[in-house]
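**Student:** Predicted model and sequence below, questions to follow.
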Amino acid sequence: MSSHREAPEISKDPVADSTDLYAFISPDAPSTVTLIANYVPLQPPDGGPNFFEFGDDVLYEILIDNDGDGQAEISYQFRFKTTINDANTFLYNTGPINSLNSPNWNRVQTYSLQRVDYPGGHVTNLGNNLPCPPCNIGPLSTPNYASGLAAAAIQSVGTGIQVFAGQRAEGFYVDLGSIFDLGNLRPLQQLHNTFMTGAVLTSMAGINATAGLNVHTLALQVPINQLTANGSTPSNPALASSCIGVWTTASRRKVKIHEGTPGNTVTTGPYVQVSRLGNPLINEVVIPMAKKDYWNAEAPAKDSQFASHYSNPELGQLLPILYTNPPNTPVAGMFPNLATYNAGSPNRADLVAILLTGIPAGVVAPNYSTFTGATQADLLRLNLAIPPVPNAAGHLVGNNLGILGGDVAGFPNGRRVFDDVVTIEIQCIAGATLPLVDPAYTADGAVSAITQGLTSSATDTTAKGTENYLGQFPYLGVANQGYAAA
Amino acid sequence: MSPFNRREFLKRGGAAVVAAGVVSAVPAALPAVAGAARPKSSDDEHDADVETGGQLDQPLVAHVRDLKTGEIGLFYGDHEVTYRDPKLAARIYRATR
């Protein structure tokens, strides 16, 4: 998945496990950027009686690099506090929760939001005791959830900033079961070599493994000029200063002691980073297993140490092997050009540019760039001078293949909630973008056939109606309801 | 926070570190932080630094990392200080036996 349970240690610490990061110019408010960081993966909506929540002992951050050095100039910091109103009941709620201050809501979470500017560390307090909504339990517990609770939890803070923190519908769609069955990619599985087992695999549509699940979302909508180095709103997309890099981290105190009293813990010491996320799927499928938790703990500015995994990704080596000489079909391999390329000295400068430095102006188009500078850092880069695709009739519009579909406002220029990042990245790794840096290379014809099969077309911004995106902040759908869970 | 010196550490957490190699301080049982008397001339007279009646405002945890070098990690608030004192490390270790 994008970054769900992507590393061995963080997979055991869900409240600190970042799952997805989005950054895009708001289609319905184009003077602002929307930043979304999701945590707490794979929540079944009916997961009571202890429903999902953020960690009170976790420092969550959304970080911005606006000068290309791979380091944060801005950090938005979220800290949570849980209050139990009635310690003598096991119930999450003792009656219907009709409002965010309902006395029936027993386990309430609030948060503070600070902006920290670096260097210097100047702290601006943007809000205290901001309300999270409850989890979406059911018609008796959380009636009128969408407007009375979820929408009510959207707060205005600072100057022109909106913030939301709480449960939302998972927006990332992926055919998880196929990817991790040794690259048995639906709907192409009949072309898999099956490891010469003779297994007969029949093509079938992709399965959205995250449909109906929830996550916990940190979402900000911030005026563009509050994110740039000089306080301006960029208008020239060719300039590096028009691009920002975004990532999210979760950090825990270095020391935690479980005292004798159950549930009573002591934490102290500095915060240490245990999770981070910039580009989707990188720690998932690019970084080797033994380095995943180390990658999570490192700063993006140090990512040159991982560059060899980006320039020669294991998946790029595997694709021609897995899809060569399938035993039950006459197809003579899907990726012969990539196989030939791999047999040389592969150096995927295209992937390094997309993921570590940004794409310089003129490589894709004169006015397309995500380049932030020479510093290699895994950041989700967003060009603030490239306008978004406006909504139509209140609905999100765009090409879910982003730049591969000719939509310059989509991934890897930031990431919108509906971008099919799995298909985009697999196509890129399979060679779709290699001709950008190696004009002599011709991408295999099969590359464009790679799809998750989870959208009806490239302009499907609903993942076949499974994701319930909204046309306005915070764009991710209202949390799926427990009572209605399948 | 400025780095701890040995006297500060003993004043703040002496009672706690004697309890175990890695210990959470229990505020009510800890010596005073503010207003402590100046130390005697020898570090071995550390007990003279200990006053009663004070409280820690946050947990203080000591992690004896290496008895040979005496490296002790001190965790207090948002900070971590690496402190080296083989004798103190040895005393803490003995206190656990």
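**Tutor:** Done, it's in.
**Student:** in which helix or strand would I find the residue in chain B that chain A sits nearest to?
**Tutor:** Nearest residue of chain B to chain A (Cβ to the nearest Cβ) works out as B:Phe75 at 3.4 Å. The C-beta positions use only the backbone N, C-alpha and C, and glycine is treated the same way. Assigned by DSSP states H and E, B:Phe75 belongs to strand B:71-76.
**Student:** Equivalent analysis for A:Pro270, please.
**Tutor:** Using DSSP H and E, A:Pro270 falls within strand A:265-277.
**Student:** what about that strand, near chain B?
**Tutor:** Yes. Among the residues of strand A:265-277, A:Val266, A:Thr267, A:Thr268, A:Gly269, A:Pro270, A:Tyr271 lie within reach of chain B under Cβ under 8 Å from any Cβ of the partner chain.
**Student:** Could I get the average pLDDT for the helix or strand following that strand?
**Tutor:** Sequence-wise, the next helix or strand downstream of strand A:265-277 (DSSP H and E) is helix A:282-285. Average pLDDT, helix A:282-285: 90.
**Student:** same question, stretch A:474-486
**Tutor:** Averaged over stretch A:474-486, pLDDT sits at 93.
**Student:** what residues are up against the residue of the stretch 151-300 of chain A found nearest chain B?
**Tutor:** Across the stretch 151-300 of chain A, the shortest distance to chain B (Cβ to the nearest Cβ) belongs to A:Gly269, at 3.4 Å. By Cβ atoms under 8 Å, 6 or more residues apart in numbering or on different chains, the residues touching A:Gly269 are A:Arg253, A:Lys254, A:Val255, B:Val61, B:Phe75, B:Tyr76, B:Asp78, B:His79, B:Glu80.
**Student:** for chain A, what are the nearby residues on chain B?
**Tutor:** Within chain B, the positions lying close to chain A (Cβ under 8 Å from any Cβ) are B:22, B:24, B:58-61, B:63, B:75-80.
**Student:** repeat that with 7 Å
**Tutor:** Residues of chain B lying close to chain A by Cβ under 7 Å from any Cβ of the partner chain are B:Ser24, B:Gln58, B:Pro59, B:Val61, B:Phe75, B:Tyr76, B:Gly77, B:Asp78, B:His79, B:Glu80.
**Student:** Skip the chain neighbours and tell me the closest residue to A:Glu467.
**Tutor:** Nearest residue to A:Glu467, sequence neighbours excluded (Cβ to Cβ, 6 or more residues apart in numbering or on different chains): A:Gly171, at 5.4 Å.
**Student:** quick one: buried residues of stretch A:134-154?
**Tutor:** By 16 or more other Cβ atoms under 10 Å in any protein chain shown, the buried positions in stretch A:134-154 come out as A:134-138, A:141-142, A:145-146, A:148-154.
**Student:** Return the mean pLDDT over stretch A:390-409, rounded to an integer.
**Tutor:** The pLDDT scores in stretch A:390-409 average 97.
**Student:** Mind telling me what element the closest residue to chain B within the stretch 1-150 of chain A is part of?
**Tutor:** Taking Cβ to the nearest Cβ, chain B has its nearest neighbour within the stretch 1-150 of chain A at A:Leu59, 10.2 Å off. Following DSSP H and E, one finds A:Leu59 within strand A:58-65.
**Student:** now the angle from that strand to strand A:265-277?
**Tutor:** Using axes from the mean of the first three to the mean of the last three Cα atoms, to 10 degrees, the inter-axis angle of strand A:58-65 relative to strand A:265-277 is 30 degrees.
**Student:** Run me through the strand neighbours of the helix or strand following strand A:58-65, direction for each.
**Tutor:** Counting by DSSP H and E, the element after strand A:58-65 in chain order, helix or strand, is strand A:74-84. Applying DSSP bridges, strand A:74-84 is found paired with strand A:58-65 (antiparallel), strand A:107-117 (antiparallel).
**Student:** Just name the most buried of these.
**Tutor:** strand A:58-65 (a mean of 24; mean count of other Cβ atoms under 10 Å in any protein chain shown).
**Student:** Show me where chain A dips below the pLDDT cut-off.
**Tutor:** A:1-2, A:325-332, A:486 (pLDDT under 70).
**Student:** Please enumerate the strands of it.
**Tutor:** Here chain A has its strands, by DSSP state E, at A:18-25, A:32-43, A:58-65, A:74-84, A:107-117, A:122-131, A:155-157, A:161-169, A:214-223, A:243-258, A:265-277, A:380-383.
**Student:** and A:Val272, how many residues sit next to it?
**Tutor:** 13 (other Cβ atoms under 10 Å in any protein chain shown).
**Student:** surely it meets A:Ser251?
**Tutor:** Yes. Contact criterion Cβ atoms under 7 Å: A:Val272 and A:Ser251 qualify, at 5.9 Å.
**Student:** Pull the number of nearby residues for residue 87.
**Tutor:** Reading this off chain A. 6.
**Student:** My question was about chain B, not that one.
**Tutor:** 12.
**Student:** Please identify the residues of chain A in proximity to chain B?
**Tutor:** A:Lys254, A:Val255, A:Ile257, A:Glu259, A:Val266, A:Thr268, A:Gly269, A:Pro270.
**Student:** quick one: contacts for the last one?
**Tutor:** Residues counted as contacts of A:Pro270 (Cβ atoms under 7 Å, 6 or more residues apart in numbering or on different chains) are A:Lys254, B:Asp78, B:His79, B:Glu80.
**Student:** Repeat the analysis, applying 8 Å as the threshold.
**Tutor:** Shown in contact with A:Pro270 (Cβ under 8 Å, 6+ apart): A:Arg253, A:Lys254, B:Phe75, B:Asp78, B:His79, B:Glu80.
**Student:** next one: the fifth one
**Tutor:** With contact set as Cβ under 8 Å, 6+ apart, A:Val266 has these partners: A:Val255, A:Lys256, A:Ile257, A:Glu259, B:Ser24, B:Pro59, B:Val61.
**Student:** most surrounded residue in those residues?
**Tutor:** B:Val61 leads those on contacts (other Cβ under 10 Å) with 26 neighbours.
**Student:** so which helix or strand takes in it?
**Tutor:** Going by DSSP H and E, B:Val61 is part of strand B:60-66.
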